[in-house]
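Chemist: Generate a structure from the sequence data that follows.
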Amino acid sequence: MNANLNFDHPRPSHTVAAAALATVIALSLFWAVATLFQSRGEPFAELAAAERACATYDYQSDREACMKRWVAENGQTSVARR
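Modeler: Prediction:
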């Protein structure tokens, strides 16, 4: 049995193509995650505003009920904008 394995060297064009594909995949994943965080940030902003508006309530249950009312009255978040 021959112990010397002769692997073919990759062509430069294949290396460039693989690097370009990896870059496209990485940028696509980054874009998807950034878009996800931006789209999910608006409801959290509404909840933060509701929490500030209902900060005077002492009991957690009263504060949560106030926050739900506040979001229902003031928060008009549309799920699909386009």
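Chemist: Could you point out the helix or strand that follows the longest helix seen in the chain?
Modeler: Counting by DSSP state H, the longest helix found in the chain is helix 12-53. Past helix 12-53, further along toward the C-terminus, the next helix or strand under DSSP states H and E is helix 60-74.
Chemist: how far out from the middle of the chain is that following helix?
Modeler: For helix 60-74, the separation from the chain centroid amounts to 26 Å (computed by Cα atoms, centre = their mean, to the nearest Å).
Chemist: repeat for stretch 13-29
Modeler: 22 Å.
Chemist: Then stretch 16-35?
Modeler: 15 Å.
Chemist: And the average pLDDT for that stretch is what?
Modeler: Averaging pLDDT along stretch 16-35 gives 95.
Chemist: CA-only coordinates of stretch 32-42, as CSV, when you get a sec.
Modeler: Output in CSV follows, covering the C-alpha atoms of stretch 32-42 (Å, rounded to 0.1, in the frame of the first residue of the first chain):
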residue,chain,number,x,y,z
ALA,A,32,-31.3,38.7,9.3
VAL,A,33,-30.3,39.0,13.0
ALA,A,34,-30.1,42.8,12.8
THR,A,35,-33.5,43.0,11.1
LEU,A,36,-35.0,40.7,13.7
PHE,A,37,-33.7,42.8,16.6
GLN,A,38,-34.9,46.0,15.0
SER,A,39,-38.4,44.6,14.3
ARG,A,40,-38.7,43.3,17.9
GLY,A,41,-37.4,46.5,19.5
GLU,A,42,-40.6,48.5,19.0
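Chemist: in it, what's buried?
Modeler: Within stretch 32-42, no residue is scored as buried using 16 or more other Cβ atoms under 10 Å. Where C-beta positions appear, they are placed from N, C-alpha and C, glycine not excepted.
Chemist: Then stretch 8-24?
Modeler: Buried residues in stretch 8-24 (16+ other Cβ under 10 Å): none.
Chemist: Begin at 858, not 1, for the rest of this chat.
Modeler: Fine by me, first position is 858 from now on; the one you just mentioned is stretch 865-881.
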